[in-house]
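# From the sequence below, what's the structure:
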Amino acid sequence: MVQSRMFLGLSRRFWLMLAVIVLVTAAGIVGPRLYRMALLGSGYMAQLLCSGMFVSGRDYEDLMRQDLSGPGLEALRLFTPSVDTDAKDVSAAVFGLAGQTSIYREGLGCTLIDGRDEAELRAVAEGLFPPAPALDRDAEWPDGARVTKGPWPGGVDGAAAARAIEAIFAEPDPKRPRGSRALVVVYRGRIVAERYADGFDAHMPLIGWSMSKTGTNALVGLRVQDRALALDDTRLMPEWRGPDDPRGAITLNELMRMTSGLAFDESYDDKLSDVSQMLFTHGDTARFAAEKPLIHEPGTVWSYSSGTTNILAAIVRETFDGEREYLRFPHDRLFAPLGMRTAALPPDASGTLMGASFLYASARDWARLGLLFVQDGMWRGERLLPAGWAAYSLRPTPQSPHNDYGAQIWLKLPDSPGRGEPPMPEDAFYMSGYDGQVVAMVPSRDLVVVRLGLSRKGSDWESARDLAPLVNAFPARAP
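I've put the predicted structure just below:
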């Protein structure tokens, strides 16, 4: 009997110890995963709220109701934001844990500080951008701010264009909202139509998500023009310069064309994917991507990667002597010449521009960037981008599916089953971003169409289908 009780006691201690071991092991496995997911949530909330309030100038309640709720964002209900309107910063945490803070700096937008000293980051931006002169109110867009409203130009099927615009903003299925927010149509270099949803207007900067990549394309082109970079350059990142590091063979051209061979998970559904973690939990986005291993020989496999674009932004940074000169570069050489007064491209906490995803600009300013490419890199009769740069950018990358990608720019619309009905013109090319952001550029029709919105997964928005009727209402240019 005594032996039996001893056996039971030992048995209970054994199972208790085993349970403790299992719990500790599970915590070691699940705990870090949950913490990384919590950091992602707080980073996403802080960054989107900060940018929405202090870059776009939108209302807190509106942002929480529209942009930070809904399908896929249900977990954000557990997170608590804190907004300091005087300091212009936003913090977020879940039950007081995994907190992150994003700060706004004039001209730069919002940056997740990721443990950096906030005062130091603010000092970097102090006096960085002198006040820009206002656009000439009497000059017609894009040279100035005036937009002349009038009848449709000759040759345009105005009735078809008007119907297409109505359809773009229509909501035929409330369960699958299209969420169009802004539309600008530029024909022969002038705005001929524009429309905005309630709460949005012609001067409000909005996020482009991956449309930002084409802005980064232009920045690289400017440094190629300056002879600070060349497309066949190698040994581009400090992490790759070891004598036996195969990543040293990656060329600038391969990075531009998404054929670097670097591992990078661009899944938007997986909260722990590389793209999600890079954008919202890491203060040095380019280093995060550059440290990935090589899984394919450079130049052999195409793989869409926001990490690649952030690496490009870091490579541009290395061509400058100082951080302030680098941070001024997009404004001085791209935004100001184009008249993009609303544009803001924020750096991460390390100081590298987040060129893959976070360029904010008004719909009119996105149209200016699109018009630059339609005009072969020319602006106001002068060359802004290098001769041949637009042609290089639009040359299909043969490793991409169906030759649908160029150099940081789409030649066919991704995630769109068809090319529209009637189809989009053969020479159309695109900036395309998450949640349905798109700039369609059609040289054969002297046309740029910008559509910005919030079209979540499963929405009734399809860029090719919904833009094609509008694009095809404009006549083809005479040979």
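
# C-alpha only now, for contacts and for neighbours.
OK.

# number of nearby residues for the residue lying closest to residue 285 once chain neighbours are set aside?
Spatial nearest neighbour of residue 285, excluding adjacent residues (CA to CA, 6 or more residues apart in numbering): residue 278 at 5.5 Å. Residues within reach of residue 278, counting by other CA atoms under 10 Å, total 21.

# Let's verify residue 278: helix, strand, or coil?
helix (DSSP: H, G, I helix; E, B strand; the rest coil).

# same thing with residue 167?
helix.

# Now do the same for it: its pLDDT.
Here, the pLDDT recorded for residue 167 equals 97.

# ok, the residue nearest to residue 403 when sequence neighbours are not counted - contacts?
Excluding the flanking residues, the one nearest residue 403 by CA to CA, 6+ apart is residue 396, at 5.2 Å. By CA atoms under 8 Å, 6 or more residues apart in numbering, residue 396 lies in contact with 403, 404, 405, 406, 407, 411.

# And residue 380, by the same measure?
Per CA under 8 Å, 6+ apart, neighbours of residue 380: residue 143.

# and if you look at residue 439?
By CA under 8 Å, 6+ apart, the contact list for residue 439 reads 211, 366, 367, 370, 430, 431, 432, 448, 449, 450, 451.

# Those into a markdown table, with extra columns for pLDDT, neighbour count and distance to residue 152?
Listed next are those as a markdown table, based on pLDDT from 0 to 100; neighbours: other CA atoms under 10 Å; distance: CA to CA, whole Å:
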| residue | pLDDT | neighbour count | distance to residue 152 |
| --- | --- | --- | --- |
| 211 | 98 | 27 | 28 |
| 366 | 98 | 30 | 22 |
| 367 | 98 | 27 | 19 |
| 370 | 98 | 26 | 21 |
| 430 | 97 | 26 | 24 |
| 431 | 98 | 27 | 26 |
| 432 | 96 | 26 | 27 |
| 448 | 98 | 30 | 15 |
| 449 | 98 | 27 | 15 |
| 450 | 98 | 26 | 18 |
| 451 | 98 | 25 | 19 |
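
# Please convert the residues you listed to TSV, extending it with secondary structure and distance to residue 309.
Formatted as TSV, those follow (DSSP: H, G, I helix; E, B strand; the rest coil; distance: CA to CA, whole Å):
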residue	secondary structure	distance to residue 309
211	helix	11
366	helix	19
367	helix	21
370	helix	19
430	strand	17
431	strand	14
432	strand	14
448	strand	24
449	strand	24
450	strand	22
451	strand	23
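
# Just give me the closest of these to residue 158.
residue 449 (15.3 Å; CA to CA).

# what's the distance between that closest one and residue 258?
25 Å (CA to CA, to the nearest Å).

# repeat for residue 301
From residue 301 to residue 258 the distance is 8 Å (CA to CA).

# Comparing those two, which residue is more hemmed in?
residue 258 (28 against 17).

# residues in contact with that one?
Residue 258 neighbours (CA under 8 Å, 6+ apart): 302, 303, 304, 305, 308, 407, 408.

# got it, and residue 205?
Contacts of residue 205 (CA under 8 Å, 6+ apart): 55, 56, 342, 343, 360, 361, 362, 363.

# Surely the residue nearest to residue 285 and residue 288 touch.
Yes. The pair residue 278 / residue 288 is scored as a contact, 6.6 Å apart, by CA atoms under 8 Å.

# between those two, what contacts are shared?
residue 307.

# can you give me the offset of stretch 245-253 from its chain's centre?
Relative to its chain's centre, stretch 245-253 lies at 24 Å (CA atoms, centre = their mean, to the nearest Å).

# Now do the buried residues in it.
247, 248, 249, 250, 251, 252, 253 (16 or more other CA atoms under 10 Å).

# Give the rounded mean pLDDT of it.
pLDDT averaged over stretch 245-253 gives 98.

# what's the answer for stretch 144-153, then?
pLDDT averaged over stretch 144-153 gives 92.

# Thanks a lot, catch you later.
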